[in-house]
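Asker: just coords:
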């Protein structure tokens, strides 16, 4: 985290996202949901939990990763298994969550918000080895930074975050890595 600035609030993330992306992308970020969800439409709505800044940043990361095709599908066309997943389903969760959590970790670092990987499965404990593998995958994705969405860079710029080396490797065509 960058210690010289106060942590950003969920309200600031909402205001910034909506100001930047409501017109050009037809998307708004919405606080107060009991569960996060993406609903395509006019405008498309990115719902996040309550007023939690980490939930807002996580859902914005999913929006970036989704790309245009998936943004036409409810919840980006992803499956979701509730708490209590089997080890196999948790492994599948880890495989699709590494990229959005890597982007979320970069948002958190840039905006002075504490980050910790989310396993989103409290009823079934993952092995220490599985958690280390997941954390290493997040770190590898965030360290690589290649193909980082231009929308992500736009958010960093708006929040006044200094240019980082991976800004040079931006994909302007989509949010896919």
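Answerer: Here it is on my side, so go on. What you see is a predicted model, and the numbers here were worked out from it, not measured in a lab.
Asker: the helices in this protein, which residues?
Answerer: 10-25, 53-70, 87-111, 128-144, 150-158 (DSSP state H).
Asker: Touching, residue 25 and residue 68? I think so.
Answerer: No - the criterion here is C-beta atoms under 8 Å, and residue 25 misses it with residue 68 at 9.2 Å. Glycine gets a C-beta too; all of them are placed from N, C-alpha and C.
Asker: neighbour count winner among those two?
Answerer: More neighbours surround residue 25 than the other of residue 25 and residue 68, with 15 against 11 (other C-beta atoms under 10 Å).
Asker: got a list of what the more buried one touches?
Answerer: 44, 151 (C-beta atoms under 8 Å, 6 or more residues apart in numbering).
Asker: let's see 6 Å
Answerer: Residue 25 is in contact with no residue at all, counting by C-beta atoms under 6 Å, 6 or more residues apart in numbering.
Asker: I'd like the distance between it and residue 137.
Answerer: Residue 25 sits 28 Å away from residue 137, going by C-beta to C-beta, to the nearest Å.
Asker: likewise residue 41?
Answerer: For residue 41, the distance to residue 137 - C-beta to C-beta - is 32 Å.
Asker: Have a look at these two and say which one is more surrounded.
Answerer: residue 137 (18 against 11).
Asker: Touching, that one and residue 98? I think so.
Answerer: Yes - counting by C-beta atoms under 6 Å, residue 98 is a contact partner of residue 137 at 4.1 Å.
Asker: Quick test: name the residue nearest the centre of this structure.
Answerer: Centrality entry for the chain: nearest residue to the mean C-alpha point is residue 61, 2.2 Å, by C-alpha atoms, centre = their mean.
Asker: Just the mean pLDDT for stretch 138-151, thanks.
Answerer: For stretch 138-151, mean pLDDT rounds to 68.
Asker: end-to-end on it?
Answerer: Stretch 138-151 has its terminal residues 20 Å apart, counting by C-alpha to C-alpha, to the nearest Å.
Asker: where does the nearest residue to residue 42 once chain neighbours are set aside fall, phi/psi-wise?
Answerer: Spatial nearest neighbour of residue 42, excluding adjacent residues (C-beta to C-beta, 6 or more residues apart in numbering): residue 26 at 6.2 Å. Main-chain torsions, residue 26, degrees, to the nearest 10: phi 70, psi 40.
Asker: I'd like the distance between residue 26 and residue 102.
Answerer: Distance, residue 26 to residue 102, using C-beta to C-beta: 26 Å.
Asker: And residue 68, by the same measure?
Answerer: 20 Å.
Asker: go on, residue 73?
Answerer: With C-beta to C-beta as the criterion, residue 73 and residue 102 are 22 Å apart.
Asker: So between these two, which is more surrounded?
Answerer: Higher neighbour count among residue 73 and residue 102: residue 102, with 24 against 12, using other C-beta under 10 Å.
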